[in-house]
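>>> Next comes the sequence, and after it the predicted model I'd like to discuss.
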Amino acid sequence: MTKGLRVAVAGGGVFGLASALALARAGAQVSLHDPGPGGANASAVAAGMLAPVSEALTDPAAAPHLDLMMAALDLWPAFAQAWNLTLDRRGAVLLGDEARLAALTQAARTLGLDLPTLKADRSPALPGGYGAAVSGGLRVQADQRIDAASLGALAKAAAALGVRFSPEPPPEDLDWLVVATGPSRDLITEAPELAALEPIKGHILRYGDLAYDGPVLRGPGAYAAPAAGGLLIGATMEAGVSDPQVQDEVASALARTAAGVFPGLANRPWTAAAGVRAATPDGLPLVGPSRAPGVILAAGARRNGWLLAPLAGAMVCAYAKGEDPGIWADRLSAGRFTA
Ligand SMILES: Cc1cc2nc3c(=O)[nH]c(=O)nc-3n(C[C@H](O)[C@H](O)[C@H](O)COP(=O)(O)OP(=O)(O)OC[C@H]3O[C@@H](n4cnc5c(N)ncnc54)[C@H](O)[C@@H]3O)c2cc1C
């Protein structure tokens, strides 16, 4: 029975909100606790790519998890419809020179995927075209995108369902505490499994005056994503760095790399943001009960928190209700690094 269950969610990023929404919709009394300034987490700065195929091909940590990531993507149409979000289904293009495209084609075949090739002159491009490192692309139709501004819509939907928002710590008197605190270790006493998380900082740039309205373009060292408020260029991977401040020299280096791939970006104004991802040793999040009684974790999504949020939220809700969390429970179990 969920009715009457008292659940507090710590953390108002996309994992916390997806958990709160699933629980509230199932009839639980939910409060969401986050002391951070609104919109200042990794979820708010993300590019919002829901990209199992591109991630499996370009991030070695994601390669073993294509099946799980595809299953997570399958949950998105219903999630978007339930909370009135708009999915961008224009897919992605993986860009590169002949050697990179050959390696990606080979990697795709290993994963059972046959991706159509495009010549640079037939591939969608930013104004200014491509640099010397791009001779063509591979079309990835399966990948999708959601704007990270949707975080506000998720918070509004949660409030409309009766979720109470508070900057204060969760109360003691609960059936469940859901720990969805991203890279923070604040609640490590309540959830010792958080010890498995390492931070990976990321910078991302916004070119507010640049019009591009096409699929995500993923080049060597930089990707370009159309977004509300201006083109996004991402992103750095700074392992072990946990402060979320923008560093001008890191942002400028990303801008230079991006201009090498997309020459139309050179000398255009940009603004930078940074966020800190939390990552486990196997690249998948911790989703499930802690060894501490009454605590469920939902943290550690590395580069794929938006992609995995509907799956994580549904699993958290199933655990709280005492129901079967589904076939990914072992792969995501919260205790797999702290036996
Ligand atoms: C530059 C960049 C680009 C990215 N692009 C993508 C992408 O394209 N697609 C994708 O799927 N993912 C992307 N990601 C990854 C994605 O943003 C993360 O995986 C995801 O946002 C993690 O969500 P979360 O809710 O676990 O954590 P967060 O969004 O970090 O939220 C954690 C929240 O917990 C709160 N908190 C901290 N301590 C406490 C406490 N003690 N009590 C209560 N609350 C607390 C914080 O204030 C914060 O609001 C990107 C990340 C970055 C940095």
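In hand now; what should we look at?

>>> Could you use CA atoms for every contact and neighbour count after this?
Will do.

>>> so how far is the helix or strand where Thr257 lies off the chain centroid?
Using DSSP states H and E, Thr257 falls within helix 248-261. Distance, stretch centre to chain centre, for helix 248-261: 22 Å (Cα atoms, centre = their mean, to the nearest Å).

>>> ok, it near the ligand or not?
No - Helix 248-261 stays clear of the ligand (Cα under 6 Å from any ligand atom), getting no nearer than 10.9 Å.

>>> Dump the next helix or strand after that helix to PDB, keeping only the CA atoms.
Next helix or strand after helix 248-261 toward the C-terminus (DSSP H and E): strand 271-279. C-alpha atoms of strand 271-279 as PDB (Å, rounded to 0.1, in the frame of the first residue of the first chain):
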ATOM      1  CA  THR A 271      28.400  32.200 -21.400                       C
ATOM      2  CA  ALA A 272      29.600  29.300 -19.400                       C
ATOM      3  CA  ALA A 273      28.000  27.100 -16.700                       C
ATOM      4  CA  ALA A 274      29.400  24.200 -14.700                       C
ATOM      5  CA  GLY A 275      27.900  21.300 -12.800                       C
ATOM      6  CA  VAL A 276      29.200  18.300 -11.000                       C
ATOM      7  CA  ARG A 277      28.200  14.800 -12.000                       C
ATOM      8  CA  ALA A 278      28.400  11.900  -9.500                       C
ATOM      9  CA  ALA A 279      29.800   8.600 -10.900                       C
END
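
>>> any idea of the mean pLDDT for strand 271-279?
Averaged across strand 271-279, pLDDT comes to 97.

>>> Just the buried residues of it, please?
Neighbour-count burial for strand 271-279 flags 272-279 (criterion: 16 or more other Cα atoms under 10 Å).

>>> In terms of secondary structure, what does whichever helix or strand comes after that strand contact?
Note on strand 271-279: by DSSP H and E, the next helix or strand toward the C-terminus is strand 286-289. Here strand 286-289 touches strand 295-299, helix 305-321, helix 329-332, going by 3 or more Cα pairs under 8 Å, 6 or more residues apart in numbering; DSSP states H and E.

>>> Now do the same contact list for Gly219.
94-96, 134, 261 (Cα atoms under 8 Å, 6 or more residues apart in numbering).

>>> out of those, which is most surrounded?
Ranked by neighbour count (other Cα atoms under 10 Å), the contacts of Gly219 have Leu95 at the top, with 29 neighbours.

>>> Other residues contacting the helix or strand encompassing that one?
Here Leu95, judged by DSSP H and E, is contained in strand 92-96. Here strand 92-96 makes contact (Cα under 8 Å, 6+ apart) with 54, 101, 123, 133-141, 143-144, 215-220.

>>> Show only the entries of those found in helices.
Under the assignment DSSP state H, these contribute 54, 101 to helices.

>>> In strands only, show me the contacts of strand 92-96.
With DSSP state E as the criterion, strands contain 136-140, 144, 216-219 from among those.

>>> Export those residues as a markdown table, with columns for pLDDT.
Listed next are those as a markdown table, based on pLDDT from 0 to 100:
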| residue | pLDDT |
| --- | --- |
| Gly136 | 96 |
| Gly137 | 97 |
| Leu138 | 97 |
| Arg139 | 97 |
| Val140 | 97 |
| Gln144 | 98 |
| Val216 | 97 |
| Leu217 | 97 |
| Arg218 | 97 |
| Gly219 | 96 |
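
>>> so, if you compare these, which one comes nearest to Ala225?
The nearest member of the ones in strands among the contacts of strand 92-96 to Ala225, counting by Cα to Cα, is Val216 at 4.6 Å.

>>> Specify the beta-bridge partners of that closest one.
On the basis of DSSP bridges, Val216 is bridged to Ala92.

>>> wait, isn't it in contact with Pro226?
Yes - using Cα atoms under 8 Å, Val216 makes contact with Pro226 at a distance of 6.8 Å.
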